[in-house]
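Participant: Whatever this is, show me its structure:
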Amino acid sequence: MSVQEVTAEQRIRTICLLLITTVIVGAALRWLSPVMIPFILSVFLALALSPLVDFQVDQLKMPRGLAVLGAFVIALVILGLLGYLITSSAVKVAANAGEYQAQFSMMVQRISAALPLESMGVDLDGVMNIPIGAVGSMLVTTTNALVGIVSNGTLVAIFVVFMLIGGGTAASRPAGTWAEVEAQVKRYIVFKGVLSAATGIAVGGTLSLLGVDLALVFGLFAFLLNFIPSIGSIIATLLPVPVVLMSPNLSVTSAILAIAIPGAIQFSVGNVIEPKIMGDELDLHPVTILLTLIVWGMLWGIVGMLLATPITAIMKILFAKNEITAPIADIMAGRLDRLRDA
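Facilitator: This next block holds a predicted model:
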């Protein structure tokens, strides 16, 4: 058997083993999701809070334990404010349920006058009797789920505390692969967090000026969903549409602006500002990001979609460090010409 045949056989064997390992690891991640999700969330929360802790330790000369406590207090205050915002908005929706119901019925009647909905088998009475007041409880439920993702009980808190306390100062951390991973993930979290916050403030402020109900809530969802590439911005743009259409106090011009301006903000941030600021920071092909978004969403739901991009970036760095898996890193980056040259 020639050397080329042996090499080809080894590559085929390696690819088969890699596929089998991928399936096993995916099944394990799905099965262990009750444990893995809090742990992975803890890792990313620790990375997100560590710059704040390092600032207090290095610049304010605070003891590390006190700095960790300060970072936790800030995080809890922010979560409390967000929870209050969502709860109060949900109460407002429930209080105005009658107006929403009437506006919704009028909208259905206009549509039925223009389109033969009854002949298409649509039950107009059933559609007009949809309980609009359930929007409030839906928002509360959704928000509780999102807050639960961030603050998943004492387990996440314990993980984060030990990670932050045992992290050491930035100068004392050893260099190497993990240092590269940590630096890249921190940069991603900082840049993405700032851009997402700016997007949420812009969207919420615009909707508030136009008089849209739940404007600040939609700004919050714009902030959260901006962490989900491509799909998140589309969902954030479409979320206010039902409320805009059912708001009795909005003029036609305000309704159009309430849909068009947030869409323009999302498009500008996602396609103009973010690429210029972040550039090729993650070195991932857009197709790779979309595929991993689907895969991690299937494994861990909304949590997986939120964490898909940084997890994929970490996997690419680890793959690039090994000669055998380096071609996978090239595929993830879209550098297929290297594989053809090899």
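
Participant: in this protein, what spans have low per-residue confidence?
Facilitator: Along the chain, segments meeting pLDDT under 70 span 1-8, 83, 86-87, 89-154, 166-177, 248, 276-281, 336-342.

Participant: Got the domain ranges for it?
Facilitator: According to automatic domain parsing, the chain comprises the domains 1-31, 35-173, 176-281, 282-342.

Participant: and these as TSV, adding mean neighbour count?
Facilitator: Yep, even glycine has a C-beta here, placed from its N, CA and C like the rest. Formatted as TSV, the domains of the chain follow (neighbours: other Cβ atoms under 10 Å):
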stretch	mean neighbour count
domain 1-31	11
domain 35-173	15
domain 176-281	18
domain 282-342	17
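
Participant: For M36, give its distance to I311.
Facilitator: 11 Å (Cβ to Cβ, to the nearest Å).

Participant: longest single helix anywhere in the chain?
Facilitator: Looking across the chain with DSSP state H, the single longest helix is helix 286-320.

Participant: got the angle between the helix or strand following that one and helix 286-320?
Facilitator: Once the chain leaves helix 286-320, the next helix or strand it forms, by DSSP states H and E, is helix 326-333. Per axes from the mean of the first three to the mean of the last three Cα atoms, to 10 degrees, the angle that helix 326-333 makes with helix 286-320 is 150 degrees.

Participant: Using PDB, write out the CA atom coordinates for helix 326-333.
Facilitator: Extracted C-alpha coordinates of helix 326-333, given in PDB (Å, rounded to 0.1, in the frame of the first residue of the first chain):
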ATOM      1  CA  ALA A 326      -6.900  22.800  11.900                       C
ATOM      2  CA  PRO A 327      -8.800  22.100   8.600                       C
ATOM      3  CA  ILE A 328     -12.000  22.300  10.600                       C
ATOM      4  CA  ALA A 329     -11.000  25.800  11.800                       C
ATOM      5  CA  ASP A 330     -10.300  26.800   8.200                       C
ATOM      6  CA  ILE A 331     -13.800  25.500   7.200                       C
ATOM      7  CA  MET A 332     -15.400  27.500  10.000                       C
ATOM      8  CA  ALA A 333     -13.600  30.600   8.900                       C
END
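
Participant: Which secondary structure elements does that helix sit against?
Facilitator: helix 286-320, helix 336-341 (3 or more Cβ pairs under 8 Å, 6 or more residues apart in numbering; DSSP states H and E).

Participant: Can you lay out these as JSON lines showing distance to D213?
Facilitator: Shown next, in JSON lines, are the helices and strands packed on helix 326-333 (distance: least, Cβ to Cβ, whole Å):
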{"stretch": "helix 286-320", "distance to D213": "24"}
{"stretch": "helix 336-341", "distance to D213": "49"}
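
Participant: I'd like to know which of those helices is closest to I259.
Facilitator: Nearest of the helices and strands packed on helix 326-333 to I259, taken as Cβ to Cβ: helix 286-320 at 23.9 Å.

Participant: Packing partners of the closest one?
Facilitator: Helices and strands touching helix 286-320, by 3+ Cβ pairs under 8 Å, 6+ apart, are helix 3-31, helix 33-58, helix 134-150, helix 177-209, helix 231-238, helix 326-333.

Participant: let's go with 10 Å and repeat that
Facilitator: In terms of contacts (3 or more Cβ pairs under 10 Å, 6 or more residues apart in numbering; DSSP states H and E), helix 286-320 is packed against helix 3-31, helix 33-58, helix 134-150, helix 177-209, helix 215-225, helix 231-238, helix 326-333.

Participant: now the ones you listed in JSON lines, with distance to F319?
Facilitator: As requested, the helices and strands packed on helix 286-320 are exported to JSON lines (distance: least, Cβ to Cβ, whole Å):
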{"stretch": "helix 3-31", "distance to F319": "10"}
{"stretch": "helix 33-58", "distance to F319": "18"}
{"stretch": "helix 134-150", "distance to F319": "27"}
{"stretch": "helix 177-209", "distance to F319": "11"}
{"stretch": "helix 215-225", "distance to F319": "28"}
{"stretch": "helix 231-238", "distance to F319": "25"}
{"stretch": "helix 326-333", "distance to F319": "4"}
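
Participant: So which of those is nearest I294?
Facilitator: helix 231-238 (9.4 Å).

Participant: Residues contacting the closest one from elsewhere in the structure, which ones?
Facilitator: With contacts defined as Cβ atoms under 10 Å, 6 or more residues apart in numbering, helix 231-238 is touched by 196, 199-200, 203, 218-226, 228, 259-260, 262-267, 269-271, 274, 290, 293-294, 297, 305-306.
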